[in-house]
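Asker: dropping the sequence and predicted coords here.
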Amino acid sequence: QVQLVESGGGLVQPGGSLSLSCTASDSIFMFKLMGWYRRTPGKQRELVATITDDRDTNYGDAVKGRFTISRDISTNSVHLEMNGLTPDDTGVYYCNAVPWRTTLGDFWGQGTQVTVSS
């Protein structure tokens, strides 16, 4: 069973930056898509950003222009650089991975808390 481990969450002031990382226990070549979702207070889970094996990216409207997703094959990781954070970005951020072998189903990390507050 592949595991996804997130890291990098924490407390940051409005306008600040944070970087999240998601490391897979197996090669990320097995995934056609990896990304981040978040669950913010009072809202359902929403897309933050995704990246394909070809490095095509997609961003949720709320984070476009502020967040950047990337992948590092050498470390089997996906990273999310978050800039210009606002209190609305507060929530639990989950790493997601969609395998080429669809019978495996999606993989999810345990989530990491991001809190934007002064």
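Answerer: Great, that's in hand. Numbers count the residues shown, from 1 in each chain.
Asker: any idea how far the closest residue to residue 73 other than its chain neighbours is from residue 95?
Answerer: Of all residues not flanking residue 73 in the chain, residue 28 sits nearest, at 6.3 Å (CB to CB, 6 or more residues apart in numbering). Where you see a C-beta, it was placed from the backbone N, CA and C, and this is true even at glycine. The spacing between residue 28 and residue 95, counted by CB to CB, to the nearest Å, is 11 Å.
Asker: okay, those two: which has more neighbours?
Answerer: Per other CB atoms under 10 Å, whichever of residue 28 and residue 95 has more neighbours is residue 95, with 27 against 21.
Asker: which ones are touching that one?
Answerer: Applying CB atoms under 8 Å, 6 or more residues apart in numbering to residue 95 gives the contacts 4, 6, 20, 22, 34, 35, 36, 78, 108, 109.
Asker: tell me which of these fall in strands.
Answerer: Among these, the residues falling in strands (DSSP state E) are 4, 6, 20, 22, 34, 35, 36, 78, 108.
Asker: from those, which is closest to residue 13?
Answerer: residue 20 (17.0 Å; CB to CB).
Asker: can you give me the strands for the protein?
Answerer: Listed in chain order, the strands of the chain (DSSP E) span 4-7, 10-12, 18-24, 31-39, 46-52, 57-59, 67-72, 77-82, 91-99, 107-108, 112-116.
Asker: contact partners for the residue most central in space within the chain?
Answerer: Centre of the chain computed as the mean C-alpha position; nearest residue by CA atoms, centre = their mean is residue 36, 2.6 Å away. Shown in contact with residue 36 (CB under 8 Å, 6+ apart): 20, 22, 48, 49, 50, 69, 78, 80, 93, 94, 95, 96.
Asker: hey, what's it bridged with?
Answerer: Per DSSP bridges, the residues bridged to residue 36 are residue 49, residue 95.
Asker: quick one: pLDDT of it?
Answerer: For residue 36, the pLDDT comes out at 98.
Asker: from now on call the first residue 321
Answerer: Will do, 321 is the new start, and the previous item becomes residue 356.
Asker: now it: how far from residue 438?
Answerer: For residue 356, the distance to residue 438 - CB to CB - is 24 Å.
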